[in-house]
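Asker: Just need the structure, nothing else, for what follows:
(2 chains)
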Number of protein chains: 2
Amino acid sequence: MYDRIKGFRDFYPGEMAARRQATDVLEDTARQYGFREIGTPALERAELWTDKSGDDIVEELYAFEDQGGRHVTLTPELTPTVARMVVAKQQELSKPIKWFSTRPFWRYEQVQQGRQREFYQTNVDIFGSAEPEADAEILAWAADALTSLGLTGEHFEFRISHRDILGGVLETYDADVEIDEAIRAVDKSDKISQAEYHDLLVEAGLTYDQAAEFDELIAAGDLEDVKAFADTERVDDAVENLQAVLAAAEDFGAREYCTISLETARGLDYYTGVVFECFDSTGEVSRSIFGGGRYDDLIESFGGQPTPAVGVAPGHATLSLLCQRAGVWPEEAVTTDYYVLTVGDTRAEAARITRELRDRGHVVETDVAGRSFGAQMNYADSIDAETVVIVGEQDLANDEVTIKDMASGDQTQVPVEAFPGDATRPTFEDYS
Amino acid sequence: MYDRIKGFRDFYPGEMAARRQATDVLEDTARQYGFREIGTPALERAELWTDKSGDDIVEELYAFEDQGGRHVTLTPELTPTVARMVVAKQQELSKPIKWFSTRPFWRYEQVQQGRQREFYQTNVDIFGSAEPEADAEILAWAADALTSLGLTGEHFEFRISHRDILGGVLETYDADVEIDEAIRAVDKSDKISQAEYHDLLVEAGLTYDQAAEFDELIAAGDLEDVKAFADTERVDDAVENLQAVLAAAEDFGAREYCTISLETARGLDYYTGVVFECFDSTGEVSRSIFGGGRYDDLIESFGGQPTPAVGVAPGHATLSLLCQRAGVWPEEAVTTDYYVLTVGDTRAEAARITRELRDRGHVVETDVAGRSFGAQMNYADSIDAETVVIVGEQDLANDEVTIKDMASGDQTQVPVEAFPGDATRPTFEDYS
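Answerer: This is a model prediction of the structure:
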């Protein structure tokens, strides 16, 4: 017997039905916003991450050499791939470019609740607009997708910040601070002790006093205090941009879900402007539900024309935990409209009925295993069939079939030429 | 600038929209048959293929050692994975088990038309029935899916055979024949010369005279001749089973697409009974559109209880070539219901209209890039917007917006409180 690999999941039909329903909500909402679906490769050259993304993710790559000697990796996230795709067709694509896709990604991480080595995300990005409306539309889509799943502002919050606030404050220190390293420390701050957090800031170049001061300023999160502390154009602009995004989010219906939180930093190096993360309001799901933000320099660094960009990528694992916690996760079960049961040599007539019902779009099963009446009835029950159509030799001799409502157990005989007849979805009720 | 890896495709929105439409047809049809969607990992232990599947596929594996020292591979096809999943839950799953899924697979192959290294399949399988109705249901689903795509019996044919006919005939030879190797030779026979084919049969253990005789018998494809030649119970049973499957396919509406073709063998070693392949009737698409068959021993060989199984896996690449050849491939383009155009400081009102239209399920874009009237109109044109709603400062001062039909260019002003009003999908026609 073979086992599956640690951190990789099998999804059986019940659970998969719920996941499909949730994914459809995310994707249908994205389509309504005019995001267009794209398809992307599972493998890329490893340099797409080793060159730009920071050490943390590089350590987690499923990278290897292919049979042609290429240094390739299973993609750990989508952003460098979509950046590559924008660069490849930047002349022909009309802007803004608005793309979405749902697919698995892979990171060799510690497996824990809500974190597998194979995980699914729906990525939603806008390329070609530096305007706050683009950031706000990403937030609005995320809020719309979550509320369409049945969540409310009671269940989740978007914590929002701006990379230039952190970077702008850090660069005011009269010290040789590794800004990216310090920002990664901020990103980790809520998962480690304050002492460990300060240690990381000191490793990045601050003194302990500066680390404590910086921590206090950022944790307080007062935009006016931050502007006064830094007193630089960079921080003033960042605060202004953050406020403009929130004003656009107000018009787009997403402001109510947003909280300013300067400790929100995101772990990847390529972010440049507004960044945000979604959290369970109660904290019961402790990991972020998802994150996103602006990455205005990535396309140019990939050899493209300067192209501002902003995106978000809800992870399905933590999102399903939040939906379960909130009691809005779809039921993990399969359903069936009709089971067409054969008794004796009635296959041809049962097949006709089965085909006519399927032609009307219904989910219809019939016997493919040569089983007894009782075994078929048990099976119909196991797939939660709503109606069973019993096609028996004796009934057929009288030109009849039996329609059985599985919930009540009621049944009645109907003329075979009247079933399915003209009704779109005939049930026991129509004949009783 | 980074390039993508050879044999891996990027799908931009137009092409992706067509692929999504085709995939939806395959999946919706599978749902109507009561196949249930499952989710499966991209990585498995390499032994799932190295142990059972034959040398050809093993040479093409994207296999590597992960950071935990596991010998893993990107999955080259789905069958061993679903077999593993059946074994893992064989007590709880009610039978027959009917599963489907659409996802990419990976093989390090020679790249050519219709064959990439990353390729998509929709796998459809039935476990737990040895009856001919199960084979026939798989054929019926495939025929139904293809005709739902707009194809007809003019465009494709299913070539159908039985592994025990080939195996049964081969074992009648008074020679030490490697049956699996000989069957792989049959599988390759239509891609190589007759001399090469006979060489392969001789390598598998036949003499040249036997190879010629075998070739002639199989190519003729007469079931009575084959029975007479072999004169064994195994071949008699195989012919009887093949005929029973075709009779069930008649009841299920798929017989008309099937042609008996004993040269159809399938390259994988685990097939046991009926096997089939789908071909372009005109031969213009030269590779098989897809293949499938019965693999009754695989689950047991994976450590499970004996569980008969049959399945098929349409590959999307060759299927799209066939659809294109037949002129039924969906248009590769994006469409948009509404573009809400802002002129001046009208974001709040434009956002309200945008949200109300999206709430009705429409695809609606609005400006997120702070662009001019002309630039927005060009963009609306590029996304094929059906209706443009112009929300201008002057119009708004008169409590009006302008509705423009993009096909005709006609436009009219309507009271802002009447738009979108109560109509599900208001267009220029409703106000003109």
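Asker: hmm, the helix or strand bottoming out on mean pLDDT in chain A in reach of chain B?
Answerer: Within chain A, no helix or strand scores below helix A:55-59, which has a mean of 78 by mean pLDDT, DSSP states H and E. No - judged by Cβ under 8 Å from any Cβ of the partner chain, helix A:55-59 and chain B are separated, with a smallest distance of 8.8 Å. C-betas here are computed from N, CA, C, even on glycine.
Asker: can you check stretch A:404-419 too?
Answerer: No - using Cβ under 8 Å from any Cβ, stretch A:404-419 stays clear of chain B, coming no nearer than 14.7 Å.
Asker: circling back: identify the residues contacting the least confident helix or strand of chain A?
Answerer: Contacting residues not belonging to helix A:55-59 are listed as A:49-50, A:76-77, A:107-108, A:184, A:267-268 [Cβ atoms under 8 Å, 6 or more residues apart in numbering or on different chains].
Asker: what does stretch A:196-206 give?
Answerer: Residues from elsewhere that reach stretch A:196-206 (Cβ under 8 Å, 6+ apart): A:170, A:173, A:175-179, A:181-182, A:184-185, A:188-189, A:192, A:208, A:210-212, A:214-215.
Asker: change it to 6 Å
Answerer: A:175-178, A:181-182, A:185, A:189, A:208, A:211 (Cβ atoms under 6 Å, 6 or more residues apart in numbering or on different chains).
Asker: Narrow the contacts of helix A:55-59 to those that are buried.
Answerer: When these are checked for burial by 16 or more other Cβ atoms under 10 Å in any protein chain shown, the buried set is A:49-50, A:76-77, A:107-108, A:184, A:268.
Asker: Count the residues that sit near A:K188.
Answerer: Number of residues near A:K188 (other Cβ atoms under 10 Å in any protein chain shown) recorded here: 15.
Asker: repeat for the one 4 residues further on
Answerer: With neighbours defined by other Cβ under 10 Å, the count for A:I192 comes to 13.
Asker: Please apply the same query to A:A333.
Answerer: Neighbour count of A:A333, defined by other Cβ under 10 Å: 12.
Asker: Please apply the same query to A:Q32.
Answerer: Neighbours of A:Q32 under the rule other Cβ under 10 Å: 24.
Asker: do A:T152 as well
Answerer: Number of residues near A:T152 (other Cβ under 10 Å) recorded here: 12.
Asker: A:D381 now?
Answerer: Other residues within reach of A:D381, judged by other Cβ under 10 Å, total 13.
Asker: who touches the helix or strand harbouring it?
Answerer: Using DSSP states H and E, A:D381 maps to helix A:373-382. The contact list for helix A:373-382 (Cβ under 6 Å, 6+ apart) reads A:339, A:341, A:343, A:367, A:388, B:94.
Asker: buried subset of the residues you listed?
Answerer: Buried members of the contacts of helix A:373-382, counted by 16+ other Cβ under 10 Å: A:339, A:341, A:343, A:367, A:388.
Asker: which among these gets closest to B:V310?
Answerer: Closest to B:V310 out of these is A:D367 (15.0 Å), distances taken as Cβ to Cβ.
Asker: ok, that closest one - contacts?
Answerer: Per Cβ under 6 Å, 6+ apart, neighbours of A:D367: A:342, A:376.
Asker: Does whichever strand or helix holds A:V391 pack against any helices or strands, and if so which?
Answerer: Remark: A:V391 resides in strand A:385-392, with elements defined by DSSP H and E. The contact analysis (3 or more Cβ pairs under 6 Å, 6 or more residues apart in numbering or on different chains; DSSP states H and E) places strand A:385-392 against strand A:336-343, helix A:347-359, strand A:400-405.
Asker: Buried deepest among the ones you listed, which one?
Answerer: With neighbours taken as mean count of other Cβ atoms under 10 Å in any protein chain shown, the helices and strands packed on strand A:385-392 reach their highest mean count in strand A:336-343, at a mean of 24.
Asker: any idea of the mean pLDDT in that strand?
Answerer: Average pLDDT, strand A:336-343: 98.
Asker: Report the angle between it and helix A:373-382.
Answerer: Here the directions of strand A:336-343 and helix A:373-382 differ by 180 degrees (axes from the mean of the first three to the mean of the last three Cα atoms, to 10 degrees).
Asker: Quick one, grab the pLDDT at A:S53.
Answerer: The confidence metric pLDDT takes the value 64 at A:S53.
Asker: sorry, back to before: from the contacts of stretch A:196-206, list the buried ones, please.
Answerer: Buried members of the contacts of stretch A:196-206, counted by 16+ other Cβ under 10 Å: A:177, A:181-182, A:185, A:189, A:211.
Asker: Just flag the most distant two among those residues.
Answerer: A:V177 and A:S189 (15.9 Å).
Asker: Make TSV out of the buried ones among the contacts of stretch A:196-206 and add distance to A:Y12 and secondary structure.
Answerer: Shown next, in TSV, are the buried ones among the contacts of stretch A:196-206 (distance: Cβ to Cβ, whole Å; DSSP: H, G, I helix; E, B strand; the rest coil):
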residue	distance to A:Y12	secondary structure
A:V177	50	coil
A:E181	43	helix
A:A182	45	helix
A:A185	41	helix
A:S189	39	helix
A:A211	49	helix
